[in-house]
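1. My questions concern the predicted model and sequence given below.
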Amino acid sequence: MMGLSLIAIPVLVDVNPDPTHLVRQWARLYGYGIQYMPAGAIGTTLLYGYAAVTNLRLNRPWLIYASAAAATMSIVPFTWFVMAPTNNLLFGLNALASGANDLAEVHELIAKWRWLHVVRSLLPLVGAVLGFSGTLEELYV
């Protein structure tokens, strides 16, 4: 996920002097992400949930897996409530489909989206660290 903010977005900004084209490419990138990323988050959350429930039933530490699940799925409310205003502005500019967009405005919005996406990418990373810690704890305790 972090690759979008660290690699893809800077490349798009560097090679696109046309704001309309830049917004269209961002919208395509977002479209591909929305096709694949939610399924990965849901699948990972279900696995952490399964580990939490299994450990709870076996009277073993389970909270770390529940926390991993919560951290991973927290990308959904973060996207809906924190990123949605920026996403909506970018989608609005994309819907205009004209060359009237201001390049500075588009750069500002995409830079904001980029850093919001960095934060959003850290949430499942926290989940992965928690899940891995739980696994190590089970193996070595």
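-> Received, thanks. Given the structure is predicted, the values throughout are model-derived calculations rather than measurements. Residues are numbered from 1 along each chain as shown.

2. I'd say I9 and I110 touch.
-> Yes: between I9 and I110 a contact is recorded at 6.3 Å, counting by CB atoms under 8 Å. No exception for glycine: its C-beta is placed from N, CA and C like everyone else's.

3. shared neighbours of those two, which are they?
-> W26 (CB atoms under 8 Å, 6 or more residues apart in numbering).

4. Regarding P61, which helix or strand does it belong to?
-> Following DSSP states H and E, one finds P61 outside all helices and strands.

5. quick one, what contacts it?
-> Contacts of P61 (CB under 8 Å, 6+ apart): N55, G134, E137, E138.

6. Let me see the ranges of the helices in this protein.
-> Per DSSP state H, the chain carries helices over the ranges 2-3, 9-15, 19-57, 63-73, 75-77, 84-96, 103-140.

7. Which strands and helices lie in contact with the least confident helix or strand in the chain by mean pLDDT?
-> Scoring the helices and strands of the chain by mean pLDDT, DSSP states H and E places helix 2-3 at the bottom, with a mean of 87. The helices and strands touching helix 2-3, judged by 3 or more CB pairs under 8 Å, 6 or more residues apart in numbering; DSSP states H and E, are helix 103-140.

8. So which bits of the helix it packs on are buried?
-> Across helix 103-140, burial judged by 16 or more other CB atoms under 10 Å covers 106, 109-110, 113-114, 116-117, 120-121, 123-124, 127, 130-131, 134.
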